[in-house]
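> Quick one: sequence plus predicted model below, questions after.
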There are 2 protein chains.
Amino acid sequence: MISDDQNADGSDPASPRSQDDMVPTLEDVARRAGVSTATVSRCLNTPERVVSDTRKRVMKVVQELGYAPNFGARALAARRTNTFGAIIPTMENAIFARGLQAFQEELGLNGITLLVASSSYSPELEEAQISALIARGADALLLIGHDRTRQSYALLDRRNIPYVVAWVFDPEMPRLSIGFDNRKAMQGLAAQVLAEGHRRIGFISAERTGNDRARDRYKGVCDAMRAAGLDPDADLQLIETEYGIGKGAQAFEKLMAATPRPTVVMCGNDVLAAGALSQARRMGIAVPGEVSITGFDDVEIAELVSPALTTVHVPHREMGRGAARLLLALRAGEGTRESVELPVEIRLRETLGPAPGTA
Amino acid sequence: MISDDQNADGSDPASPRSQDDMVPTLEDVARRAGVSTATVSRCLNTPERVVSDTRKRVMKVVQELGYAPNFGARALAARRTNTFGAIIPTMENAIFARGLQAFQEELGLNGITLLVASSSYSPELEEAQISALIARGADALLLIGHDRTRQSYALLDRRNIPYVVAWVFDPEMPRLSIGFDNRKAMQGLAAQVLAEGHRRIGFISAERTGNDRARDRYKGVCDAMRAAGLDPDADLQLIETEYGIGKGAQAFEKLMAATPRPTVVMCGNDVLAAGALSQARRMGIAVPGEVSITGFDDVEIAELVSPALTTVHVPHREMGRGAARLLLALRAGEGTRESVELPVEIRLRETLGPAPGTA
DNA sequence: TTGTAGGCGTTATCAT
DNA sequence: ATGATAACGCCTACAA
């Protein structure tokens, strides 16, 4: 915590680590307040069980010394941490940031602290993070999506850590989750697209390995196509790419190189779609006149861009808040084991129009 | 980790929370592997100091039992946590998300875990978070800006926790920091604006209380105006607002209601500017023909919007990475006590043009 | 109401 | 190379 070598102050090595000695402990407080450590502990944890007079005295000393309980010791002795953990793929994606903010706010209301880790979409890394959070005594965990290593689930099960899978609701998955049905949602949007007469579809997907949301969204498009008598293998052109406006732009350009061109480019998320849109402008392609574009998530940029993006609105904050409540209930032993499906809503804005040549 | 009241399990109600009994400890592993706890500990921490044969045996048992060291106990005994903490105002702001991601990546490379908390721009809340992170044994802290309670600094000092103030470089502040000079940067941009002939300036600022970055940016505009012989009190119209595209739009509308209108609306950040821009379009005001608009930060939307936003580019990722390195060095005792000023760059794009009526 | 003392799971210092 | 064992800081029966 401090320099070991730097302070080569000649003689009486003036204890190069003079700070640690100064971290006050419960005992320091107790001694200085003239009470036992038990009393100090009570002042901090169950103030009502100590007479107001001594409590005041103790709290004063606590202030003076700037005492803060050692979390490790406390966890060790009390066997609970009032800490929840969350592992998200990345903080750079606004949809997680927003949901997490709500998650944290709800937890804060209940006196519990949130630890956040991000896995960079790597199941192995996520496994390590889960392990780390468990080791840190996380009372419960928020996870994104169902895709993870078998060991991750084994870890969770063995310790019987309450957890909830968020951002996804898959009726076929038995795990407790809160979110929406990505496949169904995208299918709904695709149905709208097909209703506009589009038959050649380009799809810009986020990377699907280790990401069930992305996979489901892709499947949703296929579902809708089949339902309309189309063959995804023939009429759907897929590009998988990383996250980012620039990536969406590149993918769009590639898609436009095909002959014949797709008449609509559906995107796995709004950021990709925003990139596609900007590229269309750059290429002088009219949207939705020549090509329609759709997104997913309905983040702020969806309304900002021009023409405004047709997309699927997802209740991120509600998901975060709901996840917190589920976990809180679970921890309290209330058997809220029912997954919750949140509604999404197709937002028809300006980037989706009829297929060119349609009456 | 367990409910205190709930499980009033009268008789044998199938113990609703039978997990805790099964959490393996070092001792369990030791017993099952037929070695001492010390050896197991060594296998985990200094594997080179234990013969390969026993090590394999031990690790096998570790696997079987799904053992994970108890963090609290470890912190207690080892007196270090390999954990850094970061407190940001909000996760919903992309500039922090991005910097934090880089911060975390750098830390991960060095085997240290990051704990993130957000203060919602409240100094009191931040103080509590600092305390919580210290209690959790954070070895070092990343903080945003200089504005915080006196007690917060007292806390930090008393425990001698290494910390770095990021997103800001204020030559007048002695504290170790990494970032850029918000005031100077905004002054530079404002000078450009003035050079385009603008004389009536509208400024949409983020809320300035508890936010020195916002204050400094505002001051920067004033500096530039004075340098050009203008009086900020007379020629600058200020609106302070919350974060968000919608808020920027509202503020812009309000600014446009003035007579005479400002010929340029400078914004404290890109998100506000994006909102202003969208509102201009909505109101049929030509940008930059009738009104120029500028942002700050150069986040992705700055290039996405049309016309593209003139703004100040800030190296968010470099800040995160640099902060990590500073902290790492500090912890290692390398006396890198020098604040680092990162360069910003004015990005002249399309939303800034000459003042109407200028030759 | 308050104090005493045992124990929580690891690490680290000595021995062996 | 490995094993005992004493901390580490706090909580919580239990006793007073």
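Now that the structure is in, tell me what you want to look at.
> residues near A:Gly333, how many?
For A:Gly333, the neighbour count with other CB atoms under 10 Å in any protein chain shown is 17. No exception for glycine: its C-beta is placed from N, CA and C like everyone else's.
> typo on my end, A:Arg98
Neighbour count of A:Arg98, defined by other CB under 10 Å: 21.
> That one and A:Pro315 touch, don't they?
No. At 10.1 Å, A:Arg98 does not count as touching A:Pro315 under the criterion of CB atoms under 8 Å.
> who's in contact with the residue in the stretch 101-250 of chain A positioned nearest to DNA strand D?
Residue of the stretch 101-250 of chain A nearest DNA strand D, by CB to the nearest atom of the strand: A:Gly137 (12.7 Å). Contact analysis of A:Gly137 by CB atoms under 8 Å, 6 or more residues apart in numbering or on different chains lists A:75, A:80-81, A:83, B:1, B:70-72.
> What backbone torsions are found at the closest residue to it other than its chain neighbours?
Excluding the flanking residues, the one nearest A:Gly137 by CB to CB, 6 or more residues apart in numbering or on different chains is A:Thr81, at 3.8 Å. Phi and psi for A:Thr81, reported as degrees, to the nearest 10, are phi -120, psi -20.
> do the same with the one 5 residues further on
With angles defined as degrees, to the nearest 10, A:Ala86 sits at phi -140, psi 140.
> that older thread, tell me, how many residues neighbour the residue nearest to A:Gly137?
22.
> try A:Leu156
Look at A:Leu156: counted by other CB under 10 Å, it has 18 neighbours.
> Let me see the mean pLDDT of the helix or strand containing it.
Assessed by DSSP states H and E, A:Leu156 sits inside helix A:150-159. Helix A:150-159 shows a mean pLDDT of 86.
> Same check on stretch A:30-37?
Mean predicted lDDT for stretch A:30-37 stands at 92.
> Only C-alpha atoms, please: export it in PDB.
C-alpha atoms of stretch A:30-37 as PDB (Å, rounded to 0.1, in the frame of the first residue of the first chain):
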ATOM      1  CA  ALA A  30     -13.100  -0.100  22.400                       C
ATOM      2  CA  ARG A  31     -10.000   0.800  24.400                       C
ATOM      3  CA  ARG A  32     -10.300   4.400  23.700                       C
ATOM      4  CA  ALA A  33     -14.000   4.500  24.500                       C
ATOM      5  CA  GLY A  34     -13.400   2.500  27.600                       C
ATOM      6  CA  VAL A  35     -15.800  -0.300  26.600                       C
ATOM      7  CA  SER A  36     -15.400  -3.800  25.300                       C
ATOM      8  CA  THR A  37     -15.200  -4.700  21.700                       C
END
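> where does the stretch 201-350 of chain A dip in pLDDT?
Filtered on pLDDT under 70, the stretch 201-350 of chain A yields the residue ranges A:335-336.
> Could you pull out the strands in it for me?
A:201-206, A:236-241, A:264-267, A:292-294, A:311-313, A:340-341, A:345-347 (DSSP state E, counting those that start in this stretch).
> could you dump these to CSV with mean neighbour count and distance to chain B?
Output for those, formatted as CSV (neighbours: other CB atoms under 10 Å in any protein chain shown; distance: least, CB to the nearest CB, whole Å):
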stretch, mean neighbour count, distance to chain B
strand A:201-206, 25, 16
strand A:236-241, 18, 15
strand A:264-267, 30, 14
strand A:292-294, 29, 13
strand A:311-313, 23, 15
strand A:340-341, 18, 21
strand A:345-347, 16, 16
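> May I see those organised as TSV, with distance to B:Ser292 added?
Listed next are these as TSV, based on distance: least, CB to CB, whole Å:
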stretch	distance to B:Ser292
strand A:201-206	34
strand A:236-241	35
strand A:264-267	32
strand A:292-294	29
strand A:311-313	30
strand A:340-341	47
strand A:345-347	31
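> can you list those in TSV and add distance to DNA strand D?
Output for the strands of the stretch 201-350 of chain A, formatted as TSV (distance: least, CB to the nearest atom of the strand, whole Å):
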stretch	distance to DNA strand D
strand A:201-206	44
strand A:236-241	48
strand A:264-267	50
strand A:292-294	53
strand A:311-313	44
strand A:340-341	32
strand A:345-347	46
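> Those: which one's closest to B:Leu142?
For B:Leu142, the closest of the strands of the stretch 201-350 of chain A is strand A:201-206, at 29.2 Å, according to CB to CB.
> I figured A:Ala135 hits B:Gly66, correct?
No. Using CB under 8 Å, A:Ala135 is not in contact with B:Gly66; the gap is 11.6 Å.
> Output the set of residues of chain A in proximity to DNA strand D.
A:23, A:25-27, A:37-38, A:41-42, A:44-45, A:67, A:69-70, A:73-74, A:76-78 (CB under 7 Å from any atom of the strand).
> of these, buried ones?
Buried subset of the residues of chain A next to DNA strand D (neighbour count, 16 or more other CB atoms under 10 Å in any protein chain shown): A:23, A:26, A:41-42, A:44, A:67, A:69-70, A:73-74, A:76.
> So which of those reach chain B?
On the criterion CB under 8 Å from any CB of the partner chain, A:23, A:69-70, A:73-74, A:76 are the entries of those that sit beside chain B.
> In helices, which of these appear?
A:73-74, A:76 (DSSP state H).
> And these, which is closest to A:Leu348?
Here the nearest of these to A:Leu348, counting by CB to CB, is A:Arg74; it sits at 53.3 Å.
> residues in contact with the closest one?
Contacts of A:Arg74 (CB under 8 Å, 6+ apart): B:72, B:135.
> Need the pLDDT of it.
On the pLDDT scale, A:Arg74 gets 86.
> Compute the number of surrounding residues for the residue in the stretch 51-200 of chain A that chain B sits nearest to.
The minimum distance from the stretch 51-200 of chain A to chain B, using CB to the nearest CB, falls at A:Asn160 (2.9 Å). By the measure other CB under 10 Å, the count of residues near A:Asn160 is 15.
> I'd assumed A:Arg200 was in contact with A:Asp231.
No. At 11.8 Å, A:Asp231 and A:Arg200 do not qualify as touching, with contact defined as CB under 8 Å.
> which one of the two has more residues nearby?
Shown here are A:Asp231 and A:Arg200; by other CB under 10 Å, A:Arg200 has more neighbours (16 against 10).
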